[in-house]
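**Q** from the sequence below, what's the structure:
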Amino acid sequence: MNYNAPGSGSRTPMALFSENARDVAAKVGDIANRVAGDFTGREVRLRNHPRKVVSELLRNSNSAQVLARRLFRTFVKPGAEVLVPHDLSPAFPTPEDAEAAFYVFDRDLNGDVSMDELEAFCDEVHREKKAIAASLKDLDSVITKLDRVFFVIIFIITIIVFISIISASTAASLASAGTAVLGLSWLLQATAQEFLQSIIFVFVKHPFDVGDRVTVYGNTGSLMRGDDYYVTEISLLYTEFKKMEGHIVQAPNSVLNTLFILNHRRSGQLADVFELRMKYGTPPSVIKELEARMTEYVLDNKRDFTGKIITELRGFEDAYCMTVNFICFHKTSFQNELLRLIRHNKLAIELMNQMVALGIEQPRRQYQISGRDFPVYQSNIQPPSYEDSNQKPTVDPALLTATRRRANSRATADTTDVFQDVFVSRKASNAHINHPPVIAEEFAESSGVDRVSNRSNHRLEQLPTNGSGGSKNIFGRSMTFRKSADRSERDRDRDMV
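**A** Below you'll find the predicted structure:
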């Protein structure tokens, strides 16, 4: 039988019917859109239009990465691992247009684009689309609520003016009532002030949009010095944030109007500071050598960092410790927390390795343990060299089994960005949960004893029935066996008597 031949639909007629029906519905929709476009004078794109296809692929992270890989494999030269500006020339009429399009993808401006970099860019575009859509939806909701409030106010004013025009006595009564209302205006003072501050914050200042990572300075966070959040929803009187740990926080806009807010998305290249505590008396030449080695490292990783390392001697402590700051600069902002963590960890591990290679020691105190007449001092013993062959490693490589199992695993890695996925609360809840099918396990039947034991275990695991079969099996036991056992016990007692 030829399994590679196209299916005739004889075995699965409904699948063939649904596929053909889907194609027919899509063609009918294209025709209807074309007719509607002719009547309205607008250009309507068909379902196979390139721009519409790209827009559909940018709906989620997986399809966005598929689009990036398709673009990379389409334009990359055979045997090459990166894209260069000349590779995009076949898709554009002039080399200038190709170069301009290339630098849209080349975010680090290093002259080439790898597949990982293109995937990250397409995933960022997908997130930007979701964030813009959510921001527009929230602003539309805010404008709708504001329109309703103003409509109620104008409606009340119109009724008062209309009544005052019709009847003069009613106008005098309204004037006296207005005086009484003004006397009680202190009740609505706080509400009116909060309402006006929220309007100014949302429409005039507008320090962030949905999806932005912000740092709010003030009485927030575990240390009450501020904390980092992702913006999930903007309303008229409040804003919802998502913490790095996943908590949802709601803050009044009137309070946010008085705080300092740092927006990471709108920031540029940001610094990453490493505070190092060294032994007092560490030679400056060693610090310079460490700075030179780290500069070489950031130049080799120019996709992630700028080619600049700054050192700062912060100070000395009791002539036993010196504090030095090593400052590097990321090429992007800290909007993507997962990317920031990866870069930070890479640089920290390299900095640790170089410090070990240069023999930079930790600060050690000296304590006096004797009296004035017996000046004996105790100090820490110098550790053995890291290159000493007799020194055993701190971690046995045989214990690193989980790392090797993870490296050899064929399971799909979870690439979900747990920090930046701020649209979880906006997803519609699905009441119909599709549970995975239950797979009946087959027991090994190597011998008759195993088969008997399996059948007996299967009977013991059966639940009691509440129907007509309840008199036969109760709690998984046979009533016949119990009666025969009772009868044998009575016969045994009779014989003993």
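**Q** if I pick Gln197, what's in contact with it?
**A** 253-254, 257 (CB atoms under 8 Å, 6 or more residues apart in numbering). (C-beta placed from N, C-alpha, C; glycine too.)
**Q** how about the secondary structure of it?
**A** Taking DSSP: H, G, I helix; E, B strand; the rest coil as the rule, one finds Gln197 in the helix state.
**Q** over to the one 10 residues further on?
**A** Pro207 carries the three-state label coil when classified by three-state DSSP.
**Q** picking up where we left off before, among the contacts of Gln197, which are in helices?
**A** Of the contacts of Gln197, the ones assigned to helices by DSSP state H are 253-254.
**Q** wait, which of the contacts of Gln197 is closest to Gln193?
**A** Ser254 (7.3 Å; CB to CB).
**Q** measure that closest one to Ala190 for me?
**A** From Ser254 across to Ala190, the span is 9 Å (CB to CB, to the nearest Å).
**Q** and what of Pro93?
**A** In terms of CB to CB, Pro93 sits 62 Å off from Ala190.
**Q** got it, and Leu276?
**A** The value you get for Leu276 to Ala190, if CB to CB is used, is 50 Å.
**Q** which strands and helices lie in contact with the longest helix seen in the chain?
**A** Counting residues, the longest helix found in the chain (DSSP H) is helix 115-166. Packing contacts for helix 115-166, counted by 3 or more CB pairs under 8 Å, 6 or more residues apart in numbering; DSSP states H and E, involve helix 61-75, helix 95-105, helix 168-183, strand 227-234.
**Q** I'd guessed Glu350 sits against Glu296; true?
**A** No. Glu350 is beyond contact range of Glu296, at 10.1 Å (criterion: CB atoms under 8 Å).
**Q** which one's more surrounded, these two?
**A** The residue with more neighbours, out of Glu350 and Glu296, is Glu350; 16 against 13, by other CB atoms under 10 Å.
**Q** contacting residues for that one?
**A** Counted by CB under 8 Å, 6+ apart, Glu350 has contacts 294, 297.
**Q** tell me where the protein has helices.
**A** So, for the chain - with DSSP H - the helices run 13-40, 50-57, 61-75, 95-105, 115-166, 168-183, 189-199, 253-256, 284-300, 337-358, 401-408, 448-460, 479-496.
**Q** just those: most buried one?
**A** Across these, the average number of neighbours (mean count of other CB atoms under 10 Å) peaks for helix 253-256, which reaches a mean of 20.
**Q** now for that helix, which elements pack on it?
**A** Under the contact definition 3+ CB pairs under 8 Å, 6+ apart, helix 253-256 sits against helix 189-199, strand 238-243.
**Q** mind putting the ones you listed in TSV, mean pLDDT included?
**A** Below are the helices and strands packed on helix 253-256 laid out as TSV (pLDDT from 0 to 100):
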stretch	mean pLDDT
helix 189-199	89
strand 238-243	92
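**Q** can you list these in CSV and add distance to Phe316?
**A** Putting the helices and strands packed on helix 253-256 into CSV (distance: least, CB to CB, whole Å) gives the following:
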stretch, distance to Phe316
helix 189-199, 48
strand 238-243, 38
